[in-house]
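*Asks:* Quick one: sequence plus predicted model below, questions after.
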Amino acid sequence: MPQITGKSEFLKKYSPANNYGVGKTFKEIVQDGSPCISDFCKKYGKDTVIDLIMLHVRDLFVFAGLKKLINPAVVANIAAVIVSGYAHLNIAELLYFFRLFKAGYFGKFYNAVDGLTITTALQSFENQSKSVILQAESDRREAESQRRRAEYLEWQQRAVSHDKMQALIEAHRKAGDYDEWVESLQKEYEERKTNI
């Protein structure tokens, strides 16, 4: 992920107008390397992150047809609650949440600017995201396990019995290349160790 150098670049990149992450799956969003909200607060200041989230909350209310009912103090309060209660989410996850909300996944507003509707939906989103994250981790572990199993099977196929090993040692000693053979085995072992 490219470095963001300043507050204005941060606000521009993640603003509602930029549609950051459009076209990505949730799994891709979670794994895209975007820092979490608390990291952005440390780097740019909590007020800057609140300003960004306020842009998204306002955008959501405008999208819902509630532009005339928007109260800046309520929007700021909702943004502050999100920053303090969901600081562990990465910023891309939060923006994905707002897109899903606009798509109708989390209900609608009933002619009122309602912060509880947003925070309740965010809680539901977080519960869903945990299961996606756990599944991705499980998939990663399973792939790693399969890779190790395949390596073990390959190793088993190449393994030699004690008697055969003794015969190989004897044969290389008689051929006069025992030291070179042992050195090649050690080199192969080291290469395999670094690839594990």
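*Replies:* Structure's in. What do you need? Residues are numbered from 1 along each chain as shown.
*Asks:* Ranking helices and strands of this protein by mean pLDDT, which lands last?
*Replies:* In the chain, no helix or strand scores lower on mean pLDDT, DSSP states H and E than helix 26-30, which sits at a mean of 78.
*Asks:* From the chain's centroid, how far away is the following helix or strand past that one?
*Replies:* Of the helices and strands lying after helix 26-30 in sequence (DSSP states H and E), the nearest is helix 37-44. Centroid separation between helix 37-44 and its chain, computed with C-alpha atoms, centre = their mean, to the nearest Å, is 17 Å.
*Asks:* For the protein, which segments count as helices?
*Replies:* Under the criterion DSSP state H, the chain carries helices at the ranges 7-13, 26-30, 37-44, 46-63, 72-85, 91-102, 115-158, 162-175, 178-195.
*Asks:* Would you point out which residue is most central in this structure?
*Replies:* Central residue of the chain (C-alpha atoms, centre = their mean): Gln31, 2.3 Å from the mean position.
*Asks:* Look up the closest residue to that one, ignoring the ones flanking it.
*Replies:* Ala136 (7.1 Å; C-beta to C-beta, 6 or more residues apart in numbering). The way it works is simple: take the backbone N, C-alpha and C, and place the C-beta from them, glycine included.
*Asks:* And the one you found, what's its pLDDT?
*Replies:* With respect to pLDDT, Ala136 has a value of 77.
*Asks:* picking that back up, any idea how far Ser145 is from the residue nearest to the centre of the chain?
*Replies:* 20 Å (C-beta to C-beta, to the nearest Å).
*Asks:* follow-up on the earlier one: burial check on the residue nearest to Gln31, number of neighbours?
*Replies:* Counted with other C-beta atoms under 10 Å, the neighbours of Ala136 add up to 14.
*Asks:* Quick check: the gap between it and Asn77.
*Replies:* Distance, Ala136 to Asn77, using C-beta to C-beta: 33 Å.
*Asks:* Same question for Gly176.
*Replies:* Distance from Gly176 to Asn77, counting by C-beta to C-beta: 85 Å.
*Asks:* between the two, who's got more neighbours?
*Replies:* Between Gly176 and Asn77, counting by other C-beta under 10 Å, Asn77 is the more crowded of the two (15 against 8).
*Asks:* who are the neighbours in contact with the more buried one?
*Replies:* Contact analysis of Asn77 by C-beta atoms under 8 Å, 6 or more residues apart in numbering lists Gly115.
*Asks:* Same question for Ile37.
*Replies:* So Ile37 contacts 49, 82-83, 86-91, 94 (C-beta under 8 Å, 6+ apart).
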